[in-house]
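Trainee: my questions concern the predicted model and sequence given below.
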Amino acid sequence: MIDLKLLRDDLDFVRAAYARRGGVPQLDEVAELDRKRRRMLVEVENARAEQNRLSRLIPLSAPEDRPSAIAEAKVIADRLKELEPELERTEEELTRLASYLPNLPDESVPSGLSEEENVVAREVGERPRFDFEPLDHATLGRNLGIFDAERGVKTSGSRFVYLTGPGAVLELSLVRFAIDMLGGRGFTPVITPVLVRERAMYGTGFLPADEREIYKIERDDLYLAGTSEVALASMHAEETVDGARLPLRYAGFSTNFRREAGTYGKDTQGLVRLHQFDKVEQFSYSHPDTSWDEYDFILANQEEFLQALEIPYRVVVMCGGDLGPMAAKKIDHEAWLPASDRFLEVTSATNATDYQARRFQTRFRAEGKSGLVHTLNGTACAVGRTIVALLENHQRADGSVAIPEPLRHYTGFESLQPIS
RNA sequence: GGUGGGGUACCGAAGCGGCCGAACGGGCUCGCCUCGAAAGCGAGUGAGGGUUCACGCCCUCCGUGGGUUCAAAUCCCACCCCCACCGCCA
């Protein structure tokens, strides 16, 4: 939710900001409803003030004056019974429409409507050169016996896999590596609930915008989270935290569930686009004045993680049209996949500014003043896609795949070997 | 699945339908006292919104939503959430 005061104070500013993400059709309607609401609010409050005044006089008045005093108060009471529902309807409509307003893009966000207009900031790391024909990750995975897609389909349908043998160990190793790295940087490890209430989904910003993408458990009225961001953003809902304790940093681990609606036929092989995958996520509650510094910190952690694993990548700044509803800015890191000959999104970092905090009412208090915090999130390790990048970049002529040095401590092996 | 008990301000905890935004205790802040601290004493201490250049004024909030009434923390209805115990269970 954005601050509706902005619509009153500087509608043109809001309009210009939204233009960078393709515009928001209902903007003027929201602004008009807001004006109407305030008009009615003043009317209702004045009536209530009058009613309160009259009511207070009743017990003080002489018994013989009571009937007339009550009759007088009743006139106002009846009038309020007409005005209040009307105000309420206006407020409901306003809230409903306003909940579709996305966050305002930061000034540094490039204009654009689709991912074609995202901006590649730079490329980091050397693309590997092979003196043999490199294999794509799906083939490698099969050869190495680290996942089993056929049986995943048998059990759960397409886009589900079994991670097997060294694949399972590799996953746990990556998770632990990421958690340890962040633990040294002030992030408290958290394993989050994956079934969440509607309120958590709404507050994070995935509802109402991304409803199609989310699994819902109708019977128990719960949703399956697509990222631990949901539970982490919801963690301090309705709380006022001591400003001196900011930033609050969490390294969330969870299994994530995504419907991948509308992606039929896309990335059907391997570990790229699954309905279920595990991820370690950075999440920060920041003071609003320093949230862009915190954003840089999250981005730096992401780069260090990729560099430690010797994965070449590029930094992509999302254009306005490619931002999620909660994002004021979003930057992805895309790993280079030499055999597939393309880049693959492996991390994403978002500064949600006060958008989520306003919905969740997460505040801070410092020097006697209180305000909304800023929330930020960024992938630390999306396990499946990280494995994809490791496989393609570290494959060797004999069909094996080298494990990067920092990870060996966790895996206990130095390479993945082809089975039989 | 069953049975109970609860949701009041930063925390704990009272609260006859009418100066109740709410006693009291703790905490916190600022004073006094002190060489300094503790203790003690005194004062203060919620949030959101509307309006105003401002001082201020006004409205709302006692889990949520309805209802009764001139007037609801208080009475009525529905719902949500939390806790405890029993059963089942990784």
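Mentor: Everything's here; your move.

Trainee: low-confidence bits of chain A, can you list those?
Mentor: Filtered on pLDDT under 70, chain A yields the residue ranges A:367-369.

Trainee: residues from chain A in reach of RNA strand B?
Mentor: Within reach of RNA strand B by CB under 7 Å from any atom of the strand, chain A has these residues: A:5, A:38, A:41-42, A:44-46, A:48-49, A:51-56, A:58-59, A:70, A:73-74, A:76-77, A:88, A:240, A:363, A:370. Just so you know, the C-beta spots here come from the backbone N, C-alpha and C atoms, and that holds for glycine as well.

Trainee: show me how to select, in PyMOL, the buried members of those.
Mentor: Of these, the buried ones go into a single PyMOL selection, burial set by 16 or more other CB atoms under 10 Å:
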select buried, chain A and resi 44+51+54+73+76+363
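
Trainee: tell me the secondary structure for the residue located most distally from the centre of chain A?
Mentor: What lies farthest from the middle of chain A is A:Glu64; by CA atoms, centre = their mean that is 64.6 Å. Of the three states, A:Glu64 takes helix according to DSSP: H, G, I helix; E, B strand; the rest coil.

Trainee: thinking again about what came up before, looking at the residues of chain A next to RNA strand B, which are in strands?
Mentor: A:Thr240, A:Arg363, A:Ser370 (DSSP state E).

Trainee: who does the closest residue to RNA strand B within the stretch 201-350 of chain A bridge with?
Mentor: In the stretch 201-350 of chain A, the residue that lies nearest RNA strand B is A:Thr240 (6.6 Å; CB to the nearest atom of the strand). When bridges are called by DSSP bridges, A:Thr240 pairs up with A:Arg363.

Trainee: leaving out chain neighbours, which residue sits closest to the residue nearest the centre of chain A?
Mentor: Centrality entry for chain A: nearest residue to the mean C-alpha point is A:Glu229, 5.5 Å, by CA atoms, centre = their mean. Of all residues not flanking A:Glu229 in the chain, A:Asn377 sits nearest, at 4.6 Å (CB to CB, 6 or more residues apart in numbering).

Trainee: hang on, that neighbour packs against A:Gln356?
Mentor: No - if you go by CB atoms under 8 Å, A:Asn377 and A:Gln356 don't touch, sitting 9.1 Å apart.

Trainee: now the common contact residues for the two.
Mentor: With contacts taken as CB atoms under 8 Å, 6 or more residues apart in numbering, A:Asn377 and A:Gln356 have A:Ala233 as neighbours in common.

Trainee: list the contacts of the residue of the stretch 251-400 of chain A found nearest RNA strand B.
Mentor: Of all residues in the stretch 251-400 of chain A, A:Ser370 sits closest to RNA strand B, at 5.1 Å by CB to the nearest atom of the strand. Neighbour list for A:Ser370: A:Thr240, A:Arg363, A:Phe364 [criterion: CB under 8 Å, 6+ apart].

Trainee: touching, the second one and A:Asp354? I think so.
Mentor: No - counting by CB under 8 Å, A:Arg363 stays clear of A:Asp354, with 9.9 Å between them.

Trainee: between the two, which contacts overlap?
Mentor: Common neighbours of A:Arg363 and A:Asp354, counting by CB under 8 Å, 6+ apart, are A:Leu372, A:Val373.

Trainee: let's verify A:Ser254: helix, strand, or coil?
Mentor: The assignment at A:Ser254 comes out as strand when based on three-state DSSP.

Trainee: enumerate every residue touching the closest residue in space to it that isn't next to it in sequence.
Mentor: With CB to CB, 6+ apart as the criterion, A:Ser254 has its nearest non-adjacent residue at 3.9 Å, and that residue is A:Ser228. Residues counted as contacts of A:Ser228 (CB under 8 Å, 6+ apart) are A:Val190, A:Thr192, A:Val194, A:Gly252, A:Phe253, A:Ser254, A:Asn256, A:Lys279, A:Glu281, A:Phe283.

Trainee: thanks a lot, catch you later.
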